[in-house]
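1. predicted model and sequence below, questions to follow.
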Amino acid sequence: MIEPMLSVRRGTQAVDFYKSAFGATEEFRVEAPDGAVVSKLVVDGAAFWVADESPEHEHFSPETLGGTTARIVLVSQDPDALFARAVAAGARQVWPVADQEYGWRVGRIKDPFGHHWEIGKPLEPT
């Protein structure tokens with residue numbers, strides 16, 4: 001099992017965004033006295049972690065880096081609805097959901113914390 005950890009600025013706001021945008025549930029949370037947060041979130045059985053960036057440990061947010069080093073693929077039975085929900089929650093569309101020639105229906109968003117999410121599903125064989 002792999003559970004990625006996303007470094008962000010404004011960790012508490014990021015957790016709230018992922019709950020609103022993806023329907024994430026929070027399974028674990030630790031808050032430091034300075035307000036920094038580490039949280040484990042789950043979307044449809046898939047877990048990921050969110051933590052405030054900590055430059056002293058070489059963990060930087062995409063906002064600090066000026067870009068991201070990874071994209072997250074979020075498989076959904078209804079990518080159009082989940083994509084629209086994420087955009088309504090504050091994500092920015094990078095490209096819309098559409099059927100791709102390689103057999104997926106997928107679109108990409110950038111969340112307010114700089115992470116790119118590809119939301120889609122494999123197409124049924126024809």
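-> Okay, I see it. Numbering: from 1, shown residues only.

2. gap between stretch 6-17 and the chain center?
-> Mean-position distance between stretch 6-17 and its chain equals 10 Å (CA atoms, centre = their mean, to the nearest Å).

3. go on, stretch 117-126?
-> 18 Å.

4. centre of the chain to stretch 52-59, how far?
-> In this view, stretch 52-59 has its centroid 19 Å away from the chain centroid, taken as CA atoms, centre = their mean.

5. stretch 12-25 now?
-> Centroid separation between stretch 12-25 and its chain, computed with CA atoms, centre = their mean, is 9 Å.

6. residues in contact with it?
-> Stretch 12-25 has contacts (CB atoms under 8 Å, 6 or more residues apart in numbering) with 6, 8, 26, 29, 31, 35, 37, 39, 41-43, 50, 74, 82, 85-86, 89-91, 111-113. Backbone N, C-alpha and C define where each C-beta goes, glycine included.
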